[in-house]
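Undergrad: Quick one, fold the following:
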Amino acid sequence: MNIILVKVLATALAFSQATTRPDAIKAEFDPGKDTAEVEQLLRAGCLHMRKSFDIEQINLDDLIATAMDDKDALGDEIKALKGLSFSDLHMVYRQFCKGEAVEGSPVDLSQVIAFYNDALRDLPDVGRLKGMQLPGMSLILDGKGERFAEVFTAENRRVWVSFSEIPETVRNAFIAAEDKRFMQHQGVDERGLVRAFVGNLAQPGRPQGGSTITQQLAKTVLVGNDVTYERKLREIIVASQIERTLSKTEILELYLNSIYLGRGAWGVEMAARGYFDKSVGALTPVEAAFIAGLAKGPSYFSPDRNAGRARDRLAYVLGRMQDDGMINASEAKAQLPHIVPYQRLRPDTGYHFIDHVAREARSIPGVGALNTSSYVVRSTINPELQRATEAVLQEGLARYELNTGRYKFQGAEANISDALKTMTDERRGDAPAWLAALKAVRLPLYDVHWEAAVVLENGRGKRGDVLNVGLSDGRIVPLNPWNASIRRSLQVNDVVHVHVREAAGKRAARAELRIRPSVQGAALVLENRTGRILAMTGGFSYPESQLNRAVQSVRQPGSTLKPVTYLAALRNGLQPNTLVMDSPIVLPPIGQTGRARAKDYWAPRNAGGGSGGAVTLRRALEDSRNLATAQLMANGIENTAEQGLDRVCELAVEAQLYKECNRFYPFILGAQPLRLIDLAAFYAAIANEGARPVPHVIDTIEQGGRQIFKADNNAANWIGSVDRAAFFQLKSILQGVLARGTARSAKHLATYAAGKTGTTDNELDAWFVGFTNDVTVAIWVGYDNAEGRRTLGRGQTGGRVALPMFEPILQAAWRVHAPKVALSGPSQDALRQLVAVQIDPYTGGMDQYSGQRSGGSVEYLRRDPVGGITDTRYRIVSRDGGYQYDRGDGYNEDGRRVQSWPYDSRYGMRDYYPPQSGYSGYYYNPRVYPRSPEFPDEDSYYRRAPRRIDPDYFFGRRPF
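TA: Down below sits the predicted model:
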């Protein structure tokens, strides 16, 4: 039996049941026992169809007789019948519709039943449509309430509206356009099929479907869109089941919310917004008719592609509405309404942030996933600051690899050769074709903020090698490709990322190639008082990696955790000028009572070895001295090292840096991994004198015009075990980190900011966290290390890699969020416990000559109960030990020599390395300092620990 005939009869069997016995539809027949029943159903269905032809005043027999005169031509016109003999089809008509005995019948009902049974296997459950609301789209606003992004799943960009919210004119328009007998039929409209069939014969062009609204709903929501007999068969049966499960109102509500109407809009609400910038409830009858007309073919009748077709379709729908008495004659003559330009909201920034908004929303009670319901979410993002933060991180990561020779060019981002073939450049005065193609191309990394450029020339010229690129503004400039290998690999019409160096003086403008880095990073800008996250990027590029390293990854914080230890000491009454020994210390294993193995003892070391003797707490933290920090834990906080570690751990947990502390000594030097967002919140607490804000990205959530969530921007978790005075003292010390410590390359910011660098063992991670009165900026750089322990390389510390990104982000925050002001002094509560004293910043001395001898420094020291100064300078180190202060020598974590009396009568403290410079806008050009055995750069915990060999180190495979 012809397979097309099998499929036709199986579909007819489904149609016969839906029209003649809709309450007793069978999804399976027995090929041996039910052939007689199937034959009777086919006869009943054909008889029912003949009556429909009569109702439509069409003589079916005359139509067939006419077709028989040119049956071959008819078979070619009907694509669904290709491969089927029209003679066989006519015999089937005589057998089942005329009741004639046909010799040599081409029908084998057992094959028809087998196909029918197979097609209807595993039908979807229609019952789940009861009360269903389809996935929706949520709109995300920025901090100012402007549209920023949309969250939805594929093919579900919709805003659900209830039946009562949809005007009657809109409902009537769709019924008139798509299903005139919607209120009368039971899922399948045989009369509609007749009209579509005859219309297709009369006008063979764009075919008419004849599907009812219920069938379209079945296809859209349950059955699928593939064009096959199997799908059509399932659609008929499912539509009939829907009619028995849902009311007409429920069916129409689902349909009007599910139908695709072009411009990326599913459902009438999104269509109303997309075409007319208004809600569906505000549509005029003509606008409603226009949207209803799109249901037949959103692309074919799109006003953006063919305004003529859109006008014709509108006239057709208005005519149908007039015929049905829905509008009057004057309304039916309306012209195409004004349609707003199509502007799809497609941001090029903030994708990691948007993901975090969706995650945070799921954690709020009563709020579902943003892509399953329709919400309006007002987020905390500042778009300008977000863009600046991303641009700085991207440039910083790329510059790090360029400076260290670690860059690896993987090829062009795209090639526009094919696009150029479809363009013409014939009219004089038009922009060149390459420029139009460059502007149209969408690069794989669509959130990278470098400029795109197309290679226009690469070869030999009169003056040597020529490599020119075209920019998006039409300029043609030379390109610096960094090496000959990259130059050879670039082809004409390749699209690459570049950074443009503008013309200056006699130097012409030129472009520098930008290469995707393999190193990763994360950056976050947090508003101190409220905890609102103003900007956040979790990696180099979201399309490249969706992992948000600001909130989803944990890394060792290194020295950025040291302030916790110093805060614990200040809480216990020690002062910034308290002396602590920066000298070797060896601690036995925790809990060890007997003799332990030598390798189980903890013996930390300073960067580069050496020690500094007695140093103040201020200088110990400013220079990030490991030995001094360990001595402080062991001798300055409690009676024993274990007890001191416990106090530091408790404070770290209270500050919500960790849920629990790993109790081992290297913890105080940042050996336990944490999240960047938690570290940022702790530093914001320092800026707030103890009030730790709750970081969040959502301010409010609305649904259906009703606010269902509002964040408490005044909520803060006070770190109650520490008073404001101790927090301010720590804040002042961290300000000194920029003034003269490991972040002194940014000392020009010390009046306005404070912070701390951090570098983990073997330079696996580089950090800088800094804050102003208003914001905290946290930056991390490192390799993901999924396939090993790749380091950043010798000397690539937090001060060298992460710190240079701090200033351009901070400048952007000052420009678009909060003005640049000096870092504030102590609060009134803190000031009641403190007194400002002129001291020597290196010895901590408070005598009248100390401040003059060293240039002077104001230190806030804690008062004693009677109003005097609590002198703790020699609480840890004896006065005799303090006199040995000038005998020490060592290096801080950035490799700068720290001496006991680094005083110069002309300049104060000597600068062994000049400050880093070269900032330009959002970009920076880190200065690469010379390396020398005399100025080591590593930050290691163990004295003379064996060094690994980094195979990617650009000076060769050498241990360091």
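Undergrad: Low-confidence ranges, the protein, go.
TA: With pLDDT under 70 as the threshold, the chain has low-confidence stretches at 52-84, 86, 192, 194-210, 424-429, 461-464, 594, 786-788, 847-856, 881-960.
Undergrad: Now the top strand by length along it: buried residues?
TA: Ranked by residue count under DSSP state E, the longest strand found in the chain is strand 451-461. Within strand 451-461, the residues that count as buried by 16 or more other CB atoms under 10 Å are 451-456, 458. Where C-beta positions appear, they are placed from N, C-alpha and C, glycine not excepted.
Undergrad: Switch those over to JSON lines; also include distance to Q735.
TA: Shown next, in JSON lines, are the buried residues of strand 451-461 (distance: CB to CB, whole Å):
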{"residue": "E451", "distance to Q735": "37"}
{"residue": "A452", "distance to Q735": "41"}
{"residue": "A453", "distance to Q735": "42"}
{"residue": "V454", "distance to Q735": "48"}
{"residue": "V455", "distance to Q735": "48"}
{"residue": "L456", "distance to Q735": "51"}
{"residue": "N458", "distance to Q735": "51"}
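Undergrad: Which of the residues you listed sits closest to F768?
TA: The closest of these to F768 turns out to be E451 (CB to CB; 27.2 Å).
Undergrad: Can you name the residues that contact the closest one?
TA: By CB atoms under 8 Å, 6 or more residues apart in numbering, the contact set of E451 is 471-472, 497-500, 511.
Undergrad: Show me the helices in the stretch 551-700 of the chain, by range?
TA: Applying DSSP state H, counting those that start in this stretch to the stretch 551-700 of the chain gives helices spanning 562-571, 617-622, 626-632, 641-654, 676-687.
Undergrad: now what about the shortest one, what contacts it?
TA: If I follow you right, that is helix 617-622. Residues contacting helix 617-622 (CB under 8 Å, 6+ apart): 562-563, 566, 569-570, 574-578, 580, 582, 625, 628-629, 632, 733-734, 736-737, 739-742, 756, 841-842, 844, 859, 898.
Undergrad: Spatially, which two of the contacts of E451 are the most separated?
TA: S472 and H499 (13.5 Å).
Undergrad: So for these two, which sits in the more crowded spot?
TA: Comparing S472 with H499 by other CB atoms under 10 Å, the one with more neighbours is H499, at 17 against 12.
Undergrad: From T389, how far out is that one?
TA: According to CB to CB, to the nearest Å, H499 stands 17 Å off from T389.
Undergrad: likewise G736?
TA: Distance from G736 to T389, by CB to CB: 26 Å.
Undergrad: So for the two, which residue has more residues nearby?
TA: Neighbour comparison, G736 and T389: the larger count goes to T389, with 29 against 23 (by other CB under 10 Å).
Undergrad: Distance to A607 for the contacts of E451 - can I get that in JSON lines?
TA: Output for the contacts of E451, formatted as JSON lines (distance: CB to CB, whole Å):
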{"residue": "L471", "distance to A607": "44"}
{"residue": "S472", "distance to A607": "46"}
{"residue": "H497", "distance to A607": "36"}
{"residue": "V498", "distance to A607": "37"}
{"residue": "H499", "distance to A607": "33"}
{"residue": "V500", "distance to A607": "38"}
{"residue": "A511", "distance to A607": "39"}
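Undergrad: Now list the buried members of those residues.
TA: Buried subset of these (neighbour count, 16+ other CB under 10 Å): 471, 497-500, 511.
Undergrad: what are the ranges of the strands in the stretch 601-750 of the chain?
TA: 610-611, 613-616, 691-693, 698-703, 706-710, 716-718 (DSSP state E, counting those that start in this stretch).
Undergrad: Next, the buried residues of the last one.
TA: Within strand 716-718, the residues that qualify as buried by neighbour count (16+ other CB under 10 Å) are 716-717.
Undergrad: That one packs against which elements?
TA: When contacts are defined as 3 or more CB pairs under 8 Å, 6 or more residues apart in numbering; DSSP states H and E, strand 716-718 packs onto strand 691-693.
Undergrad: so what secondary structure elements neighbour the strand it packs on?
TA: helix 676-687, strand 716-718.
Undergrad: Okay, now the sheet partners of it, with direction.
TA: Counting by DSSP bridges, the strands paired with strand 691-693 are strand 716-718 (antiparallel).
Undergrad: what sits up against the strand it pairs with?
TA: 531, 656, 688, 690-694.
Undergrad: Distance to I677 added to those, as JSON lines?
TA: Converted to JSON lines, the contacts of strand 716-718 look like this (distance: CB to CB, whole Å):
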{"residue": "G531", "distance to I677": "10"}
{"residue": "Q656", "distance to I677": "10"}
{"residue": "N688", "distance to I677": "16"}
{"residue": "G690", "distance to I677": "19"}
{"residue": "A691", "distance to I677": "17"}
{"residue": "R692", "distance to I677": "12"}
{"residue": "P693", "distance to I677": "11"}
{"residue": "V694", "distance to I677": "11"}
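Undergrad: ok, of those residues, which one's closest to N117?
TA: Nearest to N117 among the contacts of strand 716-718: V694, at 59.5 Å, using CB to CB.
Undergrad: so who does the closest residue to that closest one other than its chain neighbours touch?
TA: Leaving aside its sequence neighbours, V694 sits nearest to G531 (CB to CB, 6 or more residues apart in numbering; 4.6 Å). Listed by CB under 8 Å, 6+ apart, the contact set of G531 reads 681, 684, 693-696, 713, 715-716.
Undergrad: ok, so of the residues you listed, who is nearest F115?
TA: Out of these, the member with the shortest distance to F115 (by CB to CB) is H696, at 57.6 Å.
Undergrad: ok, what's across the strand from the closest one?
TA: Under DSSP bridges, the beta-bridge partners of H696 are R532.
Undergrad: Can you report phi and psi for the closest residue to E859 other than its chain neighbours?
TA: Of all residues not flanking E859 in the chain, I839 sits nearest, at 4.7 Å (CB to CB, 6+ apart). Backbone torsions of I839, given as degrees, to the nearest 10, read phi -130, psi 170.
Undergrad: how many neighbours does I839 have?
TA: 25.
Undergrad: what do you get for the one 5 residues further on?
TA: Around G844 there are 27 other residues, counting by other CB under 10 Å.
Undergrad: mind checking how far it is from S583?
TA: According to CB to CB, G844 and S583 sit 17 Å apart.
Undergrad: Among the contacts of E451, which are located in strands?
TA: Those of the contacts of E451 mapping onto strands are 471, 497-500, 511, per DSSP E.
Undergrad: between the buried residues of strand 451-461, which is closest to D765?
TA: For these, the residue nearest D765 by CB to CB is E451; the value is 30.6 Å.
Undergrad: separation between that closest one and L471?
TA: 6 Å.
Undergrad: tell me, what's touching the two both at once?
TA: Residues touching both E451 and L471 (CB under 8 Å, 6+ apart): 498, 500, 511.
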